[in-house]
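Trainee: Fold the stuff below for me.
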Amino acid sequence: MKTYARSLYRLILVLLPAIFFSVASPRFAVSATTAASDVSSEQRTRLLGGEVIVSLANLQEGVTGVTGLIYIDAPPQKVWEAITDYDNHKNFVPNVLDSGILEDNGTEKIMFEKGKSGMFLFQKKVFAKMKVWGERLKHLQFQQLEGDFKVYRGEWILNEHLQGKGTFLTYRAEVKPDFFAPQFAVRNVQKRDCPQMMMAMKKQAEALLRKDQNASLPLSGSQKTVAGSSQS
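Mentor: Down below sits the predicted model:
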C-alpha cells in the first residue's frame, strides 16, 4: 500500500507542471498557421461573396469571446498597414474617438484607444491602454495593460489569398468590461461593432492599395502638359 501511495505521489509531481501550464497559459497562445487554417472552405466561399462572418461565445467568468472573419481585396501589406495605423484609427474605425502610439519598442508597441460603447440610449466612453506585438504581415496580438476592461485581449490573423493579391482577415478577442454590463448586452455590442470594425479595415486597406496603384499609373498627355507648364 505504501509503495502504491509513493508511486501515486510521484505521478502527481510529474503531472503538476503540465496541469499548471495548461490552466495558466493565455487562450490566445496559438500559432498563426493553426488559427488561419480554421477558415473552412464553406467560410471562404461566403467571405469571397462579400459576407462578414461573426461568431460569439460565452466563456468562463463572464468573458465574451468574439471572432470576426472578412475577405479583403488587398495584399497583407496593405491590411497590416491599416491594422497598425494606430495614430489614424480615430479617423476611420467606427466608435474610436482617439488613438495613438505611446511607446515604440520595435517589435512591441504600447498604444491607446478611447471609444464609445453602448446600446440604444445607454452610451459609455471607454479607454484601453494596450500592448501589441506579433509577426509582421501575419499575426498581431494585443492585450490591455490598463483601462476599462477586466479582460481585453486578442489577435489579428492575416492569411494571404491568390499569391498575395487578397487577404482573409481574422479577428479574435476576449472581452469583459470592468463595469456592470450583462453578458447578453456585451454580446449585442460585439455583434454590432465587430462587423463595422472589420469593414473599416477592409475599406482602409483597399483604399491604400488604390492610392498606390494610382500613384504608379503613367501620366496622360494632358497631365504631362499640365506638369510641364507648372515646371516652366
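
Trainee: what mean pLDDT would you report for the longest helix along the chain?
Mentor: Longest helix in the chain, counting residues (DSSP state H): helix 183-216. Averaged across helix 183-216, pLDDT comes to 93.

Trainee: Show me which positions of that helix end up buried.
Mentor: Within helix 183-216, the residues scored as buried using 16 or more other Cβ atoms under 10 Å are 183, 185-187, 189-190, 193-195, 197-202, 204-206, 208-209. Every C-beta, even on glycine, is put in place using the N, C-alpha and C of the backbone.

Trainee: Where does the residue nearest the centre of the chain sit, in terms of helix or strand?
Mentor: Per Cα atoms, centre = their mean, the C-alpha nearest to the average position across the chain is that of Trp156, at 3.5 Å. Take DSSP states H and E as the rule and Trp156 turns out to sit in strand 149-161.

Trainee: Show me what the helix or strand just after that strand is packed against.
Mentor: On the C-terminal side of strand 149-161, the closest following helix or strand by DSSP H and E is strand 166-177. For strand 166-177, the packing partners by 3 or more Cβ pairs under 8 Å, 6 or more residues apart in numbering; DSSP states H and E come out as helix 32-36, strand 64-72, helix 76-83, strand 149-161, helix 183-216.

Trainee: Can you check which of the ones you listed gets nearest to Leu47?
Mentor: With Cβ to Cβ, the closest approach to Leu47 among those belongs to strand 64-72: 4.0 Å.

Trainee: quick revisit: using CSV, lay out the helices and strands packed on strand 166-177 together with distance to Thr107.
Mentor: Shown next, in CSV, are the helices and strands packed on strand 166-177 (distance: least, Cβ to Cβ, whole Å):
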stretch, distance to Thr107
helix 32-36, 15
strand 64-72, 24
helix 76-83, 14
strand 149-161, 15
helix 183-216, 22
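
Trainee: Low-confidence bits of the chain, can you list those?
Mentor: Applying pLDDT under 70 to the chain flags residues 1-38, 119-122, 219-232.

Trainee: can you rerun that using 80?
Mentor: The model of the chain has pLDDT under 80 over residues 1-38, 117-123, 218-232.

Trainee: Only the C-alpha atoms, please, for the strand holding Trp156, written as PDB.
Mentor: Taking Å, rounded to 0.1, in the frame of the first residue of the first chain, the C-alpha atoms of strand 149-161 are listed here in PDB:
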ATOM      1  CA  PHE A 149     -11.900  46.200 -19.100                       C
ATOM      2  CA  LYS A 150     -11.200  43.300 -16.700                       C
ATOM      3  CA  VAL A 151     -10.400  41.300 -19.700                       C
ATOM      4  CA  TYR A 152      -9.500  42.600 -23.200                       C
ATOM      5  CA  ARG A 153      -7.100  40.600 -25.300                       C
ATOM      6  CA  GLY A 154      -7.000  39.100 -28.700                       C
ATOM      7  CA  GLU A 155      -5.300  38.800 -32.100                       C
ATOM      8  CA  TRP A 156      -5.500  39.700 -35.700                       C
ATOM      9  CA  ILE A 157      -4.500  36.900 -38.200                       C
ATOM     10  CA  LEU A 158      -3.700  37.600 -41.900                       C
ATOM     11  CA  ASN A 159      -3.900  34.800 -44.400                       C
ATOM     12  CA  GLU A 160      -2.900  35.700 -48.000                       C
ATOM     13  CA  HIS A 161      -5.000  34.600 -50.900                       C
END
